[in-house]
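Colleague: Provided below for reference: sequence and predicted model.
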Amino acid sequence: MSKSKVLIVGGTGYIGNRIVKESLAQGHPTYILMRRELGYEIEKVQMLLSFKSKGAHLVEGSFSDHQSLVDAVKLVDIVICTISGVQYRSHNILLQLKLVDAIIEAGNVKRFLPSEFGMDYSRLEHVLEYGKETFIDKMVIRKAIEDAKIPYTYISSNCVAAYFAGNLSQLGTLMPPKDRVKIYGDGNRKVVYIDEDDVATYTIKTVDDARTLNKTLYLRPHKNILSHNELVEKWEKLSNKTLEKVHISDKDFLASIKDVEYNFQAVLARIYLIYYEGRLMNFEIGEEGEEASEIYPEVQYTQMDEYLQRYL
């Protein structure tokens, strides 16, 4: 059986470039939307040329040119979008509505994977006001997809390890602390950490898999479901060093959110939902989803003991 043709939008991004590599590695004819607005972004241009040398097809297009999106979509079977949602006030994530329109007009797409790659926003009925726009915007995208009856798969990858594990979930740094570590609440809420490369591997696994059609794929590898305390303990064991623990109460954490700039408030709000409310593991997956490590047991995912070794 031939592999589906895959178009990746946002292929030079942090998750996107890994998905490009994995699509090529798993043998899919791989197309990357190359924005006309790249200009002098030399690192992205060189990355795209590197992908081209490995067999990827570069397709020029722009969110400001509907026909270019339609033309790009017509080349493939699968569309994966990985554009960033960090620009909360600009509603960057809503650009995908233009992609939805292009997919509707093209009429040939077998599956669309929109830019999710984090918490499952459909499980967050009651959230903090801070950064709520991103939650709302992603649900707007889902509604547009489902209203148009576009086949889909949503990827819920929970906590990407470079942002949450390597730094032991400390704010303002991507490296582990040297002397003391802040623990959110009692540190016992369960959190899911996952290597970025594994996010890409599982994502590409879904594209020709009927089991994940019109479902959410939850990345919950069993050995990477850890509390904040357990993550810190793993680092202490690896580094042979005991850190001073400073517990931050939920009241103090919430108070701190009010004193930072808007964009950072949204980051803190996610920390609160994950570490204080335990929103990653407070529900059963059910029939509307699948768990990645269960349906793809052949994937040797990176456990956090191994992941943290790179920081020694």
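Modeller: It's in. Numbers count the residues shown, from 1 in each chain.

Colleague: buried sites along stretch 49-69?
Modeller: 51, 56, 57, 59, 61, 62, 63, 68, 69 (16 or more other C-beta atoms under 10 Å). The C-beta positions use only the backbone N, C-alpha and C, and glycine is treated the same way.

Colleague: what does it contact?
Modeller: 7, 11, 17, 20-21, 24, 29-37, 48, 71-72, 75, 95, 98-99, 101-102, 105 (C-beta atoms under 8 Å, 6 or more residues apart in numbering).

Colleague: which residues in this protein form strands?
Modeller: 6-9, 30-35, 57-61, 78-81, 111-113, 153-156, 159-160, 180-184, 190-194, 215-218, 225-227, 244-248, 289-291 (DSSP state E).

Colleague: quick one on the thing from earlier: what's the closest of the buried residues of stretch 49-69 to residue 271?
Modeller: residue 63 (30.5 Å; C-beta to C-beta).

Colleague: ok, the residue most central in space within the chain - contacts?
Modeller: The residue lying closest to the centre of the chain (C-alpha atoms, centre = their mean) is residue 117, at 2.2 Å. Contacts for residue 117 (C-beta under 8 Å, 6+ apart) come out as 15, 82, 155, 156, 157, 160, 199.

Colleague: Double-check the second one against residue 7; I have them as touching.
Modeller: No - contact between residue 82 and residue 7 fails when scored by C-beta atoms under 8 Å: they sit 11.3 Å apart.

Colleague: Could you export stretch 272-284 as PDB, CA atoms only?
Modeller: Provided in PDB are the C-alpha atoms of stretch 272-284 (Å, rounded to 0.1, in the frame of the first residue of the first chain):
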ATOM      1  CA  TYR A 272      -1.700  26.300  37.000                       C
ATOM      2  CA  LEU A 273      -4.000  24.000  35.100                       C
ATOM      3  CA  ILE A 274      -1.400  21.300  34.800                       C
ATOM      4  CA  TYR A 275       0.300  21.400  38.200                       C
ATOM      5  CA  TYR A 276      -2.400  22.600  40.500                       C
ATOM      6  CA  GLU A 277      -5.500  21.300  38.900                       C
ATOM      7  CA  GLY A 278      -4.100  18.200  37.300                       C
ATOM      8  CA  ARG A 279      -5.900  18.800  34.000                       C
ATOM      9  CA  LEU A 280      -3.800  16.400  31.900                       C
ATOM     10  CA  MET A 281      -4.700  13.200  33.800                       C
ATOM     11  CA  ASN A 282      -8.100  14.000  35.400                       C
ATOM     12  CA  PHE A 283     -10.200  12.200  32.700                       C
ATOM     13  CA  GLU A 284     -10.500   8.900  31.000                       C
END
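
Colleague: residues of that stretch that come out buried?
Modeller: For stretch 272-284, by 16+ other C-beta under 10 Å, it's 272, 273, 274, 275, 276, 277, 278, 279, 280.

Colleague: Tell me if I'm right that the last one and residue 194 touch.
Modeller: No - the pair residue 280 / residue 194 is not scored as a contact, 10.8 Å apart, by C-beta under 8 Å.

Colleague: joint contacts of the two?
Modeller: What both residue 280 and residue 194 touch, as defined by C-beta under 8 Å, 6+ apart, is the set 158, 159.

Colleague: Check the gap between the nearest residue to residue 299 once chain neighbours are set aside and residue 92 for me.
Modeller: Nearest non-adjacent residue to residue 299, counting by C-beta to C-beta, 6 or more residues apart in numbering: residue 201, 5.7 Å away. Counting by C-beta to C-beta, to the nearest Å, the separation of residue 201 from residue 92 is 26 Å.

Colleague: okay, now residue 194: neighbour count?
Modeller: 25 (other C-beta atoms under 10 Å).

Colleague: and what of residue 201?
Modeller: For residue 201, using other C-beta under 10 Å, the count is 23.

Colleague: Please apply the same query to residue 170.
Modeller: 15.

Colleague: Enumerate every residue touching residue 21.
Modeller: 51, 200.

Colleague: Could you check the pLDDT of it?
Modeller: pLDDT for residue 21: 98.

Colleague: Packing partners of the lengthiest helix in the chain?
Modeller: Taking DSSP state H as the criterion, the chain has its longest helix at helix 132-147. Helix 132-147 sits against helix 96-106, helix 262-271, with contacts defined as 3 or more C-beta pairs under 8 Å, 6 or more residues apart in numbering; DSSP states H and E.

Colleague: make it 10 Å
Modeller: helix 96-106, strand 153-156, helix 262-271 (3 or more C-beta pairs under 10 Å, 6 or more residues apart in numbering; DSSP states H and E).

Colleague: between the ones you listed, which one is nearest to residue 135?
Modeller: Comparing the helices and strands packed on helix 132-147 under C-beta to C-beta, the one sitting nearest is helix 262-271, at 9.4 Å.

Colleague: the inter-axis angle of the closest one versus strand 244-248?
Modeller: Relative orientation of helix 262-271 versus strand 244-248 (axes from the mean of the first three to the mean of the last three C-alpha atoms, to 10 degrees): 100 degrees.
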